[in-house]
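> Next comes the sequence, and after it the predicted model I'd like to discuss.
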Amino acid sequence: MRFLRFFTRHKQLFISILCVFISIINIQHTKSQIINTDQAPASIQWRQISTTNFQLIYPSSFESSASLLAQQIDQMIVFSKAQLASKPRKISIILHENNIEQNGFAQLAPRKVEAFSTPGPASDNVAWLPNLVQHELRHVAQFDKLTGKIKGPFFEQLALALYGLHLPAWYFEGDAVSIETEYSTGGRGRSSTFLMPLRTNILSGRDYSFSKNILGSFKDLTPSYYATGYSMNTYLTNAFGYAVKEQIMEDMRRHLVRPFTFNRALKKATELRARKLYLATMDSLKSQWKKEEIGEEPTLLLARKSRYPTHDYLPQSNTSGALFTLVSSPEFIPEIRKTNNGKEEILVKIGYQLTPYFHVNDQFLVWDELRKDARYGKQTYNIIRILDLKTGKTTDLSKNSRFYSPIISANSEKVYAVHVDENNVSSLFYIDRFTKKQEKIIEFPDQILIQQPSLRADGRALTAIAIGPKGTNILEIDLETKQWKALFPWKNQEYQRPIYYGNDLVFKAQFGNIDNLFRYATAENKLYKITDAAFGAFYPSTDSSGKILYNDYQFDGYKAAVLDKIGAVGTPISPDFEAKPTLDRNINSLPEAFPDTAAQVFSSKKYSTWSDFFNFHSLSLSSNNFESFDNYRPGIFWLANDLLNTSQLKLGYEYDLEIEKSSYSAELIYQKYYPKFTLAYTNRGQIDYARKANTQDEYLKFDFREHVYTLDMAIPMSIYRGKTNYSYGLNIGTSYQKRYDLSLSSLQGFIDEIAFPLNYQVYFNRNQRRSQMDLIPKWGQNINILYRHVPFEKALEGTLFAVRTNFYFPGFFRNHGFQARLSYQHKDGRYMASNDIPMVSGFAHFDSPKVENTLLMNYRFPIAYPDWSVGNLAYIKRFHGYFFADYQNLQDSNGAPVSFGLGLSADFNMFKYVLPDFGVGAKLTYINHPSAQGDLVPSFSLSYTY
């Protein structure tokens, strides 16, 4: 009771200490999970531009585009520090043009920004790369404002931990979105699509909690913490002015060790805490949006009843009258379906896509899919796939390519697609369906990117979105003359999927604050509004009867809808092509253009990763970055990483409390080339026991020190192939041990040298891609083979051979699954005490003979998706359970498991942190072995993932 009273009185202190502890753990694990630590191909030749304010590192193939970007970065840095009253220190910016996924991140430990610079197929209102860099530089300014005095070479991890602990993700991302909006002509703050999920939920009566709107849900569609955070940020600045940002950050900077310092700084500046700010923001948005007229009810094509949100993307038809949609749900992986006369058929389950997409004609269906290099995670591709509707056969039309948004001609001879090369030059290509020959039609100048092309019925012209330095537009391209023209003024409108409707064009735009479909009458040069969606209308296409199929967004997904010929006439409008900020009332005009730096020339030179080999940045208290707490030993380690993730260096000391011995270590990981090499040295103290002469159970304790040298080589490979993910690889390792300072000099038979034992591992995994709600893959086959021996030792002998397998099967209901793990081992000599296969549950609680094989079986199933908030402590997203039965030495088991039982788990977030996702579990094991018959063994687990 005294402890409970003490805890209640000082609960903020307890929670703060726990927060710090978890944040340090998280940041360590984050560095290897959230932040992309993959490598780019070793063949890339890197260049750099270095100035007083920044270092820009990029592939040599990106030279001209990097030079253009460099001319803007100084001004971006000025913009990034706006309202923070601080100047960011020099920052390294790495551009990964070989990775075509649209992403970027800023980090400490080591300090840098990484940007995946290739623009993708998703529509936007501003050029991709400058806006991305502006966003990430804002995070750098946040780092430097809050923890800028805590620097390398010793404390960058601490700085990042304090930043992640104190500044909520919704705030720092919302703030960065506000900067990208304020200091560009576009940005997500000018996009009605960005806030559409939040607006839809509010106006549909789905008033979700603060926790749910920032942490998400399995069972409902929620806005991202980016959108929620931007809304709250703009409420702050609308009510208190931009100066409030500096007030909050400065107060936090002065009180970095204060518990709940963000909420305290927020309350001091505004009289609001985070939850009250959220409620005030939602009330303000509700009041604003309810004044707007709600649009008309759409005519839906599918009467789909689903327990969970389901999207029917990109409704299309052909002359058969069938409806084709790309169906996505948290319950299953995306699949393209055909609906005809009320009967629905799954045509193909597709792989990862940058954005949902496909195109169909009478004979074929084409789409694009993401691919990656087997070894280098930062080398990705986008390929074109085609499905024969008659035979059901799927073929790849391209390999290791950078094509987007394919469309197939009416006669099925050509597939047109957008291509973006490694210098961000955009072109229109066609691929011959029969020969797979690729031919460039038009290369677009002046940094103009085209997106989402669509063919005219006669095949002689094509329309597409264009994004460039001057803004956005819709182009019409003559395929015969290879000439093109812009149809509208170059502004910041966010267009999407223009299609031909006879000689007119139909497309999505946001003339007003809601996404709708519009018709451009080319003969009249007039625009007509043809939908009046309540929340948003997208992805138009036409059928053979002249109707327009499209998506209508609702609180439970993108729904397939139809507009008849009369509706397609529409209402004439006089559009304003300049999109205004949706929420920020302080932005009254577009920002000033970047200074004219055409005459400014930056010199570039070769960049080598060896120049940052000794880039020490942090001290850590854990040898494994807190990825495991098993047998934790206090210590201190000095860490270095080069900027391209090709080398890691660790020097350290730790103390083993159990045996009261110290160790010193040095480790180098080098992973630039196909094999990854790990070279390590440890000097450590050890203890052991020797039996006294002429006795059976009397032992003497002795100690010694040893030098241990290890060398490991790994070739890890992983690829995507449609709905299936593969991983495979080879690991080889050896070591050398030399022992000295033996405390028992009279000891006979002591082995003071173990020279080069060899370990081999080969594995192959094939698993179906998991949906959001899947607990395990629906289908999977995994095999892992290990072999250990001591070929160079005369005094020692022994071998160990092990095979571990893991199979997945569908369960009785959706998102249920069976798992079976069958393993075998044979061992002798020095390996007799080792087990290299998974043991049965409760293994430590009964007397076990030599284990030769095990079979571990379980059935996993979801129970509920409650979305419960437990105060500020936790937010529970899912409960799930499992039954299990474990067998050991099958040849002797008589069909009876050695142990069996059940388990219950919960997935949750803590303290409103977006990441990590925690899992807590309880397991009850019944021992069925004669040495402990009937014993019940409870166990508990806590895990976290990113």
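That came through, no problem. Residues are numbered from 1 along each chain as shown.
> Report the contact partners of residue 718.
Taking CB atoms under 8 Å, 6 or more residues apart in numbering, we find residue 718 in contact with 372, 374, 725, 726, 727, 728. From N, CA and C alone the C-beta is placed, and that goes for glycine too.
> make it 6 Å
Counting by CB atoms under 6 Å, 6 or more residues apart in numbering, residue 718 makes contact with residue 727.
> A helix includes it, no?
No - Residue 718 is assigned strand when assessed by DSSP: H, G, I helix; E, B strand; the rest coil, not a helix.
> ok, so what distance separates residue 49 from residue 62?
11 Å (CB to CB, to the nearest Å).
> The closest residue to residue 176 other than its chain neighbours: what secondary structure?
Among residues not flanking residue 176 along the chain, residue 138 sits closest, at 4.1 Å (CB to CB, 6 or more residues apart in numbering). Per three-state DSSP, the local secondary structure of residue 138 is helix.
> Need the per-residue pLDDT for residue 303.
Per-residue pLDDT puts residue 303 at 85.
> Pull the distance from the helix or strand that residue 906 is a member of to the chain's centre.
Residue 906 belongs to strand 899-910 when elements are defined using DSSP states H and E. Relative to its chain's centre, strand 899-910 lies at 25 Å (CA atoms, centre = their mean, to the nearest Å).
> ditto for stretch 283-303
On CA atoms, centre = their mean, the centre of stretch 283-303 falls 31 Å from that of its chain.
> Span of that stretch from start to end?
Length of stretch 283-303, first residue to last, CA to CA, to the nearest Å: 33 Å.
> Buried ones in it, by neighbour count?
By 16 or more other CB atoms under 10 Å, the buried positions in stretch 283-303 come out as 284, 285, 289, 295, 298, 301, 302.
> Can I get those residues in CSV including secondary structure and distance to residue 381?
Below are the buried residues of stretch 283-303 laid out as CSV (DSSP: H, G, I helix; E, B strand; the rest coil; distance: CB to CB, whole Å):
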residue, secondary structure, distance to residue 381
284, helix, 45
285, helix, 41
289, helix, 41
295, coil, 40
298, coil, 37
301, coil, 34
302, coil, 33
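> Let me have these in JSON lines, extended by distance to residue 411.
Formatted as JSON lines, the buried residues of stretch 283-303 follow (distance: CB to CB, whole Å):
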{"residue": "284", "distance to residue 411": "55"}
{"residue": "285", "distance to residue 411": "50"}
{"residue": "289", "distance to residue 411": "47"}
{"residue": "295", "distance to residue 411": "39"}
{"residue": "298", "distance to residue 411": "33"}
{"residue": "301", "distance to residue 411": "27"}
{"residue": "302", "distance to residue 411": "30"}
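> so for stretch 230-250, what's the average pLDDT?
For stretch 230-250, the mean per-residue pLDDT is 97.
> I misspoke; the intended subject was stretch 159-178.
96.
> Same check on stretch 470-479?
Average pLDDT, stretch 470-479: 97.
> any idea how far the residue of the chain positioned farthest from its centre is from residue 919?
Largest separation from the mean C-alpha position in the chain: residue 694, at 63.1 Å (CA atoms, centre = their mean). According to CB to CB, residue 694 and residue 919 sit 54 Å apart.
> got it, and residue 151?
From residue 151 to residue 919 the distance is 35 Å (CB to CB).
> If we go by neighbour counts, what in stretch 561-579 is buried?
Those would be 561, 562, 563, 567, 568, 570, 575, 577, 579, for stretch 561-579 by 16+ other CB under 10 Å.
> Save those residues as JSON lines, and put in secondary structure and pLDDT too.
Shown next, in JSON lines, are these (DSSP: H, G, I helix; E, B strand; the rest coil; pLDDT from 0 to 100):
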{"residue": "561", "secondary structure": "strand", "pLDDT": "98"}
{"residue": "562", "secondary structure": "strand", "pLDDT": "97"}
{"residue": "563", "secondary structure": "strand", "pLDDT": "96"}
{"residue": "567", "secondary structure": "coil", "pLDDT": "90"}
{"residue": "568", "secondary structure": "coil", "pLDDT": "92"}
{"residue": "570", "secondary structure": "coil", "pLDDT": "94"}
{"residue": "575", "secondary structure": "coil", "pLDDT": "92"}
{"residue": "577", "secondary structure": "coil", "pLDDT": "95"}
{"residue": "579", "secondary structure": "coil", "pLDDT": "94"}
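> From the residues you listed, pick the one nearest residue 420.
residue 579 (24.3 Å; CB to CB).
> and the closest one, what is it in contact with?
Applying CB under 6 Å, 6+ apart to residue 579 gives the contacts 190, 492, 493.
> do residue 684 as well
Contacts of residue 684 by CB under 6 Å, 6+ apart are residue 663.
> I'd like the C-alpha coordinates of the helix or strand containing it written as CSV, please.
If you go by DSSP H and E, residue 684 is part of strand 676-691. C-alpha atoms of strand 676-691 as CSV (Å, rounded to 0.1, in the frame of the first residue of the first chain):
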residue,chain,number,x,y,z
LYS,A,676,28.2,-8.7,-45.9
PHE,A,677,31.3,-9.2,-43.7
THR,A,678,31.4,-9.0,-39.9
LEU,A,679,34.9,-9.0,-38.3
ALA,A,680,35.0,-8.8,-34.5
TYR,A,681,37.5,-9.1,-31.7
THR,A,682,36.7,-9.7,-28.0
ASN,A,683,38.9,-10.0,-25.0
ARG,A,684,36.9,-11.4,-22.2
GLY,A,685,37.1,-13.1,-18.8
GLN,A,686,35.5,-16.5,-18.3
ILE,A,687,34.9,-19.0,-15.6
ASP,A,688,34.5,-22.8,-15.8
TYR,A,689,34.5,-25.9,-13.5
ALA,A,690,36.7,-29.0,-13.4
ARG,A,691,35.9,-32.2,-11.6
